[in-house]
Structure formats: C-alpha cells, structure tokens
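In: here are the coordinates; sequence isn't available:
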C-alpha cells in the first residue's frame, strides 16, 4: 500500500490502532480472494481497490473536500444517492463489516446489538477508518431499532441527519417518503450550499442508473451455468459499489462483464456446471464481511445470487427518468426506493415474492437464509421466509452469525450437511 | 376461584396447560403481595381481580360479545382506547408478563426476542389465556422491530390491524398520527358496524380521562413521605387498568385514594420515612411481572414512581376536550398520544426530561434503569439516560432482565449494593 500516513494523521485517525487493521486485511483477502482459481482478469481493479482500501478513494475524497466539496456518509440502500451527487457532493457507504471495530461500538452500545451497527459506531469512535473521518455528515434512517438509536449516540460525535422511512407500503407511505426526500434535498442544499436543479438531478439519476445497470448486467451473468464468476467476487464488487466513484465503477464493471460474456460463450465457469447453486438471503454483508460466501464456496457450491442489500436489493428497480420538474423526479425516486423489500416493512410479502422469483431466475438449488446476530427484523421474518420456501419445495437452511470467526467451523459443518442433502 | 372451566372450554383454551398456570399464580401472588405489611384495605378489590384474573373480567367480555359487542386486544399505550369504547366496543390490554408463555412464543419467534413479545405470542398460540381468545381483533403498532414482525406471524392465527406510529415527533409526524387514528376509526367502525359520533367520542374521551385522573391521583399520593402505598401495589393497580372496566376501575381507585389521603394526613406509610426512594424507568412490566419491584421493596426501599408504560407514561398528559367535531377530537387525541415519550422515537429527549422532572416530583434518591432482555430500544437509550442522570448527580444503575427467576439473586445483590451506596 502506498504511504497515506500523513493523510490519515490529518484526518485525526488513531494510527497505531489503524496499523493493526491494515496488517490483518491482506492475509484475509489473500485467503478468501487471491487463492481462488480462474478468477476473471477484470477482478484486478477491485483487488486494487481493496489493497488500497483506506488510501486511494479517501485521497480522492480529501481532494474533493479541498475544493469545497462535501461528503455524505450513508448506511442504507434507502438513502437516495442521486440527490447527494446532484448537489455536487459525494455519497459514500459507511457500514462496518469487520470484527475489528466491534469492541469500539460495544463501549457505547449494548452487546446485544447487531455487529454491523457496533462495527459502524466503533469505526467512528475508534478513529480507525478514513471514510468515517471524511464524511461531513452522516445520513441515518429509521430502518431498525438498533440503527435508529445508534444515530442519537453518534450525533454526540458527528453531525447526523435522519430520514424517517415509513414502516408500511401503502399509497400514503409512498407520499410520506416523497415528503421525506424533499426534506432531505433541502438538507443537502443547506450542507453543500448548492441549489439542486432538475437538470442536475436528471443527470445524476442517470449516473446512478448506469451503476445499477452495470450491477444488473454482472448479476445476469451469474444466471448462467457454469457460473462465470464466484459469489465472493460478485459480493466484493457490490460492496465496492457503495463507495467507489459511480462513473468509474460502472465502466470497470462493464469491462468485467465483457470478459464474463466471453466466458459464458465459451462455456467456461469457476465451478462445475453440476455444483449446487446457492442463494443467500437476509442481512447485508458490509466490506470486509466475506465469511459465509467463503465457507459456502470452499465447500464446493457457488453463491449465484444474494437477496440482500449488498445484493439485488441494491440495484433492482429503476427510477423513472421522464420527470422534468424536481417534484416529478422526487416522486419517481420515492417510488423506486419504496420498491426495495427490507424486513423493516410490515408486512413485507414482496421479499418472499422476490426470493421465489430469484430462485427461478438464477436456477437456485438451495437457499441459505442468514442474518446477523441480534437483527430482530430478519431473524423474525425468517419464520415466514422458511415457511414460504418449504411450501414451494425449495430447500432452505437458516443461519445466524456475527463477524467473529468462532462459529466458522460450526457453520462449515452445517453448510456441508445442507449441500450433501441438496445432492441427494 | 369460581368455576370457569366451561367458559374456558368454550373459548377453545387448552385447559390442561392452563391449569398449570392457575396453580402457580396464587403462590406467587401471596409471596409478592399478600405477605406485605399494612396494605391499604382498598387493595382488596385488586386482589380479587387477580384471584379471578381469568374468570371475572373474561366473563364480562363473554357477556358483551353475546350481545353483539366486540373486543379489541391491544399491546401498547399508543392505541387510543377512546375510539374503541366510542364504538361500543371494549379495549383490553394483552401484553404477556409471565415466563409461562415464553416457550410458546419461542416456537415461532427467535429466542433473541424480548420476553414480553414472546409471552404475548405464546399466550395466543398455546391457548392459555382467555383474553387472547376473546379478542375479536388484535391492534398492533410499529413501536419496535420485534412487535412489528410478530404481528405478521400472529396474523396467521388471528385478525391483526397495525397502526403505523411515526418514528419522530415533528409537526408532520403528529399530522401523520392524526391520519393513522382516522384510519383506525374507520377500521373500528367496520369491525363494530357502529358509526362513531362526536358525542360518543366526547363521552369516551371523558371516560378514559377519568381513568387517567384516578391513576394520577394514586401516583400523587406516592410523592409523600412516608409513602402510603407500596410500589408493588401501585404497579398492580396500573397493570389492572389495562384491562379492567374503565368506569369501575376509576371508582375503585378513587376509593383507594381516599384511604391513602387519610394515611397521609395521619403520617402513616408502608416504609420508614428515611428509606431510600427509588424510581424505575425503562420497559413495561406486564401482569404478572412483579419481579423487580418485589426485589427492591424486600430490600427495604419503596419504589415511588415508574417512568414506564405501566407507570406514568400510561396516564400523564390529557386529551383536550374542547373539540366538537370528529376531526378536532382526533387531532386532540393525536397530540396527546404523541406526547408519550417511548424509546421508539428518535430523538427521544423528552424521556430524559421526564425522568429528571419525576426525580424532583417524587423526591427520588436513586434510579433503576431496567429493560427487558433484547429490547434494543431501551437498552440503547440507556446510554443516554445514564449519561443525563450522572450529569445531574442522580445515582443510577442499569439492569437487564427477563421473566425467569434465574437472575433474581444476582439482581438482589446488585440492588442491595446500590441501596447501600445511596445510604452513604
């Protein structure tokens, strides 16, 4: 990694502690990623991004801020990036995916909190992530009890603005979300000092659409058998989508897809064509959480699709681009975002429909329904997900895990048993 | 207890399992309640209600239903009882407070769910509570992740209608809650077949106000030193308020208050005047959850006030009675209910203000901030509550517990240490 110590120091980071994180990542990345056979050459870009994870992109954000630009840190796929970019600002995902940050979060949060929230809060309070230092403001949302209350504690340390996501999906809730996006636009204008014009918003709706389309194209390649790219690699790409420059990301991902298309035409894949095809559904996997994918794929089964926020929920559904006024555009944004089926909604039948549809589209042999520990929403909804899958005759197993490695061997044993059952 | 077996059988209850519950309750009640010294005579009524807990009131509800009346089961202080009674129906609280029901809930809910939710779901699915059988419809709300998702599972077994409580307290959120109460009124009219008139609503706003006033009067007596009634008894009365006939409850509670006023005039109390005065704040204690009160008071300290939903949150703030149209009345209801400071709101500074105010009003020496296990809202908010109390120089301890008795001795040891510290 290039030397970014001065930058990190300027950002007020705890360099000594951060060194420990930097030391651990390369080995983990090598074990999960570099050790894979037949990786597409186009993965070089994403490998580089990870190798320089706290350097290259943060340096770009530092440059952006030196020119007076603002950085918005986000934690959820419901926050409309389009608005942020339309004001000349940059949105960057901040969800923490490493056990390294969990103890820092536990200093202020109950131990019974999901590791994603604990890691996110710990990354900020421990000063060990440049993205958490760089963001001028954090954008929270009311998607779950844990995050909702964590914003209050974080706001003692950094400006936080919270969007109130409705809990249902009636017409009036879509209208309420439209109102909430309008208030968010006002806030973005206030923070950036830039008036959002319909032209700028139209342009950035297209920018984010290109990113979504590139991801859609990537995921479509995974519908093929043999699958041309591993689930680990697809997950990594999606994770990087949350904070990379959207234009560059789209371009690099499309390049990779050209390569994958060739593989498909030639019948080349990274797993045998008869390997059982796995879907993972449940809670998001923030970078560098590759635990379950690594276990499943080293057991011999490709993960071909993720019905998660670091999977199809991030890019499915497009924003209608015909609106020419801010009101029309915001309404189109609200409609698109309200189509995402998070377990925070009640009821959330759309998610079960999505899972059943994806099983067909991706020719899935078995579903692993996995939630992070203490995520009450997904763990409770799991009852209904399993019920629906069993009714449809689709094999399903439920797992609950955290960011530690303690349960890895136990999970491996359960996954192996599940895969054997699929083979019968 | 009189013989209600035929009624329970008619209600489709599991009589054998229910017998086990009926056998356990009298001993527990004797230990916590009847063994107390110098109880007010007026507690006889509430003792009788508990002795006949699954008999007398259910029999009244059965009669009501035989005449075509409807019963609405509720789980939260945000559901406006006024609307239900105005349609000639009866509202009854359904929150489960016994470990007996927890395993039934765990059959469909994650073990990492708060015991109140598990017990409530278990009481229904195990068919061991007449109130859960009697309710024609359950009214849920979106106050926490656990309840929000539990409604979806319960709705496979019983009709459930969910009110979407806003997550913030801006002007537009009060307007949204007004809208939600209007929809609820429509639903109540549909279920009952009765049109709610402004006259009927005005009358029932007054009915519920009398109940709140009676509770307020009761709690006001607890501001005296020595305190004329134990915290256990006050908690029991509040728990009964959730399902007793409101008119009778108000009358009986006012009778008791007459007796308490005499005690105060005579300087009589149930604890020595110099015993440390304790406030309990946190999650609700549904009947028969008397665990913490019993521990604290048998350690020698009276609980003089509860900043909980089975405490002041249930009766503080009154509904403006000047409205003459449904719109005005509903708006007045929305404003009153949105003043309740549950941890489900973000931010929820009002609760900290309430706690600090109640410390003064009730001359509190120490605060026990206690939440049910896996309640992410109150356990996370605890950080801010403790911070505020420490800043104000008020001793505070945090506890997390469930409905089991396993941690009772551990809690007793911690409470004793806290009380000793208060005495220093």
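Out: Nice, I can see it. Quick caveat, the model's predicted, so the values are computed rather than measured.
In: touching, residue A:292 and residue A:368? I think so.
Out: Yes. Between residue A:292 and residue A:368 there is a contact at 7.1 Å, judged by Cβ atoms under 8 Å. (Each C-beta comes from the backbone N, C-alpha and C, glycine too.)
In: spit out the residues that contact the two alike.
Out: Residues touching both residue A:292 and residue A:368 by Cβ atoms under 8 Å, 6 or more residues apart in numbering or on different chains: A:280, A:399.
In: need phi/psi at residue A:129.
Out: The phi and psi torsions at residue A:129 (degrees, to the nearest 10) take the values phi -140, psi 120.
In: if I look at it, how far off is chain B?
Out: 21 Å (Cβ to the nearest Cβ, to the nearest Å).
In: and that residue, how many neighbours does it have?
Out: Close neighbours of residue A:129, defined as other Cβ atoms under 10 Å in any protein chain shown, add up to 26.
In: got it, and residue A:321?
Out: 12.
In: any stretches of the stretch 1-150 of chain A with poor pLDDT?
Out: A:1-2 (pLDDT under 70).
In: can you name the residue of it nearest to chain B?
Out: Nearest residue of the stretch 1-150 of chain A to chain B: residue A:149, at 3.6 Å (Cβ to the nearest Cβ).
In: which strand or helix spans that residue?
Out: In the assignment (DSSP states H and E), residue A:149 maps to helix A:145-154.
In: and the angle for that helix with helix B:145-154?
Out: Calculated by axes from the mean of the first three to the mean of the last three Cα atoms, to 10 degrees, helix A:145-154 forms an angle of 170 degrees with helix B:145-154.
In: list of residues touching helix A:145-154?
Out: With contacts defined as Cβ under 8 Å, 6+ apart, helix A:145-154 is touched by A:75-76, A:108-109, A:113-114, A:117, A:120-121, A:124, A:138, A:140-142, A:160, A:162, A:374-376, B:144-145, B:167, B:343-344, B:346-348, B:376-377, B:380-381, B:383-384.
In: show me where the stretch 101-250 of chain A has its strands.
Out: A:137-141, A:160-163 (DSSP state E, counting those that start in this stretch).
In: so what's the residue count around residue A:57?
Out: Residue A:57 has 21 nearby residues by other Cβ under 10 Å.
In: quick one: residues contacting it.
Out: Contacts of residue A:57 by Cβ under 8 Å, 6+ apart are A:49, A:92, A:131, A:243, A:244, A:245.
In: so which helix or strand takes in residue A:399?
Out: Assigned by DSSP H and E, residue A:399 belongs to strand A:396-401.
In: contact partners of that strand?
Out: Everything outside strand A:396-401 that qualifies as a contact, by Cβ under 8 Å, 6+ apart, is A:291-292, A:366-373, A:379, A:382, A:385-386, A:389-390, A:407, A:411, A:414-415, A:418, B:110.
In: ok, for the residue nearest to the spatial centre of chain A, nearest residue in space, not its chain neighbours?
Out: With distances taken as Cα atoms, centre = their mean, residue A:310 lies nearest the centre of chain A, 3.2 Å away. The shortest distance from residue A:310 to any non-neighbouring residue, by Cβ to Cβ, 6 or more residues apart in numbering or on different chains, is to residue A:284 (4.5 Å).
In: can you tell me the SS state at that neighbour?
Out: coil (DSSP: H, G, I helix; E, B strand; the rest coil).
In: can you tell me how far it is from residue A:143?
Out: To residue A:143, residue A:284 is 11 Å away according to Cβ to Cβ, to the nearest Å.
In: quick one on the thing from earlier: what's the separation between the residue nearest to the centre of chain A and chain B?
Out: For residue A:310, the distance to chain B - Cβ to the nearest Cβ - is 20 Å.
In: before we move on, the earlier item: tell me what angle the helix holding residue A:149 forms with strand A:137-141.
Out: Using the same axes, to 10 degrees: helix A:145-154 against strand A:137-141 is 150 degrees.
In: what's in contact with the strand or helix carrying residue A:410?
Out: If you go by DSSP H and E, residue A:410 is part of helix A:408-423. Helix A:408-423 has contacts (Cβ under 8 Å, 6+ apart) with A:276, A:291-292, A:295-296, A:299-301, A:365-366, A:368, A:395, A:397, A:399, A:401.
In: give me the buried subset of those.
Out: Buried by 16 or more other Cβ atoms under 10 Å in any protein chain shown: A:276, A:291-292, A:295-296, A:299, A:301, A:365-366, A:368, A:395, A:397, A:399, A:401, out of those.
In: close to chain B: what parts of the stretch 1-150 of chain A are there?
Out: A:108, A:109, A:110, A:112, A:113, A:142, A:144, A:145, A:146, A:148, A:149, A:150 (Cβ under 8 Å from any Cβ of the partner chain).
In: wait, the fourth one sits on residue B:380?
Out: Spelled out, it's residue A:112. No. Contact criterion Cβ under 8 Å: residue A:112 and residue B:380 do not qualify, at 9.4 Å.
In: and these two? which has more neighbours close in?
Out: Legend: neighbour count by other Cβ under 10 Å for residue A:112 and residue B:380, higher for residue B:380 (25 against 19).
In: skipping adjacent residues, who's closest to that one in space?
Out: Spatial nearest neighbour of residue B:380, excluding adjacent residues (Cβ to Cβ, 6+ apart): residue A:149 at 3.6 Å.
In: burial of the one you found, as a residue count?
Out: Residue A:149 is flanked by 29 other residues according to other Cβ under 10 Å.
In: swap in the one 4 residues further on?
Out: Around residue A:153 there are 20 other residues, counting by other Cβ under 10 Å.
In: what is the burial count for residue A:261?
Out: 15.
In: please, which helix or strand holds it?
Out: helix A:246-266.
In: and that helix, what does it pack against?
Out: helix A:43-51, helix A:198-221, helix A:231-241 (3 or more Cβ pairs under 8 Å, 6 or more residues apart in numbering or on different chains; DSSP states H and E).
In: and it, how far from the chain's centre?
Out: Taking Cα atoms, centre = their mean, to the nearest Å, the mean C-alpha location of helix A:246-266 is offset from the chain mean by 20 Å.
In: now it: buried residues?
Out: Neighbour counts using 16+ other Cβ under 10 Å place A:246, A:249, A:250, A:252, A:253, A:256, A:257, A:259, A:260, A:263, A:264 of helix A:246-266 among the buried residues.
In: cool, and stretch A:345-363?
Out: A:345-348, A:351-352, A:354-356, A:358-359, A:361-362.
In: give me the number of residues near the closest residue to residue A:346 other than its chain neighbours?
Out: Once flanking residues are discounted, residue A:346 sits nearest to residue B:148: 4.8 Å by Cβ to Cβ, 6+ apart. Burial measure for residue B:148: 30 neighbouring residues, criterion other Cβ under 10 Å.
In: which elements pack onto the helix or strand hosting residue A:17?
Out: Take DSSP H and E as the rule and residue A:17 turns out to sit in helix A:15-29. Here helix A:15-29 touches helix A:5-10, helix A:43-51, going by 3+ Cβ pairs under 8 Å, 6+ apart.
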